[in-house]
Structures are given as structure tokens and as C-alpha cells.
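> have a look; sequence and predicted model below, questions after that.
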Amino acid sequence: YHLFYQYNPNGAIWGDIVWGHAVSKDLIHWYHLPLAMVADQWYDIMGVWTGSATILPDGKLMMLYTGSTNESVQVQNLAYPADPSDPLLIKWVKYPGNPVLVPPPGIGAKDFRDPTTAWLTSEGKWRIAIGSRINRTGITFVYDTKDFINYELLRGVLHGVPNTGMWECPDF
């Protein structure tokens, strides 16, 4: 089992967020590995925030995560294992074309985060949800993709609730 988690290596305070990584054979005893992803690119230099993994039918692993850019814009990025045969998945590669998703028109730069694990539709497309807000209404956007690089925003929102503010980490 793999557990990726938000972590500040400089202290128990908000800021400098990267991804820690631990593995376990029994979900009781955990072995901490080197950091999985650090804030080292313009599209995630202000933080490597939450995301989700999807295992494709061919066994490939795709990781979508929110990065905060050097201008504090929340964008979605893609990463994958450098060596998929490594059972510890020590080294990760960030897709050179990141970011793969930016906030859609009308959405604040700091209101577009936390992609879900993708699920496969009956049309053979992958679908993800991303938390956001419009004014004080928390919403969830839904996107389709065939390759985890190109995305189509579906019309409307999956769900919205007035006066809830930003929806963090939507999932179901």
C-alpha cells in the first residue's frame, strides 16, 4: 500500500507543502520513503497540494495534483512514476506540459483545487471532479479526458450549495 500526504518538512505550520510518501504491507506498520513530490516548478512552486491517483487498465499510474503557481494560481498537474516497475515508486516525473488544467473563466485563481481519482465512463472516457466556488456557492466541476493531458469541461456543475464557500477535496 502507498500513502501520499501533504507535508511541510520545515515544521507543523501551513506553507512549504510537498508530498510525503509511506508504504505498508499491512496498513499498520508504515515505512517512510523520500519525499514523492516537491515544489520545484513554476506551476507548483507555492505548494504541491492534494490530488489523487488513478490506475489505468494497462497498470499505468497517473497522479493528478493541485499546484500553486508563482502567482498563486491553482492549477492541476500530472505526474507519473519514473520507473513503474519499482514497487516502492520512489521517483516521480512531472509531465513536461504541466499544467494540464487551469481555472475556467469566471473562477478565482485561488478557487480551483483537489482533483478526484478518475473513474471510467461507459463511453471509455475518464472523468474527474474538482472543487471550486462561485461567490459563496461551493461547486464541483466535472471534466472528461481520454489521456489525462487534454480535458473537456462538462456543462454545468456536478453539485452546488449556496453559502458553503470553497469546496475542499470533493469525492464520492
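Right, received. Where do you want to start?

> my read: Tyr7 touches Asp16, true?
No: Tyr7 lies out of contact with Asp16 (CB atoms under 8 Å); the separation is 9.0 Å. Heads up, the C-betas are built off the backbone N, CA and C, glycines and all.

> run a quick neighbour tally on Met37.
Residues within reach of Met37, counting by other CB atoms under 10 Å, total 22.

> so what's it up against?
Met37 makes contacts with Val18, Trp19, Asp44, Val48, Tyr65, Ala79, Trp92, Lys94, as judged by CB atoms under 8 Å, 6 or more residues apart in numbering.

> go again using 7 Å as the cut-off
By CB atoms under 7 Å, 6 or more residues apart in numbering, the residues touching Met37 are Val18, Trp19, Val48, Tyr65, Ala79, Trp92.

> list just the nearest of the residues you listed to Thr140.
Tyr65 (17.2 Å; CB to CB).

> so what's that closest one closest to, chain neighbours aside?
Gly51 (2.8 Å; CB to CB, 6 or more residues apart in numbering).

> then Phe148?
Leaving aside its chain neighbours, Phe148 sits nearest to Met62 (4.9 Å; criterion: CB to CB, 6+ apart).

> state the mean pLDDT of the strand or helix carrying that neighbour.
Following DSSP states H and E, one finds Met62 within strand 61-68. On average, the pLDDT along strand 61-68 is 98.

> okay, now the sheet partners of it, with direction.
strand 48-55 (antiparallel), strand 74-81 (antiparallel) (DSSP bridges).

> how about the ones you listed, which one is nearest Leu27?
Closest among those, once you apply CB to CB, is strand 48-55, at 16.4 Å.

> and that closest one, which residues are buried?
Val48, Trp49, Thr50, Gly51, Ser52, Ala53, Thr54 (16 or more other CB atoms under 10 Å).

> how about the residues you listed in CSV, adding distance to Asp40 and pLDDT?
As requested, those are exported to CSV (distance: CB to CB, whole Å; pLDDT from 0 to 100):
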residue, distance to Asp40, pLDDT
Val48, 9, 98
Trp49, 14, 97
Thr50, 18, 95
Gly51, 16, 96
Ser52, 21, 96
Ala53, 20, 95
Thr54, 23, 96
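
> centre of the chain to stretch 81-98, how far?
15 Å (CA atoms, centre = their mean, to the nearest Å).
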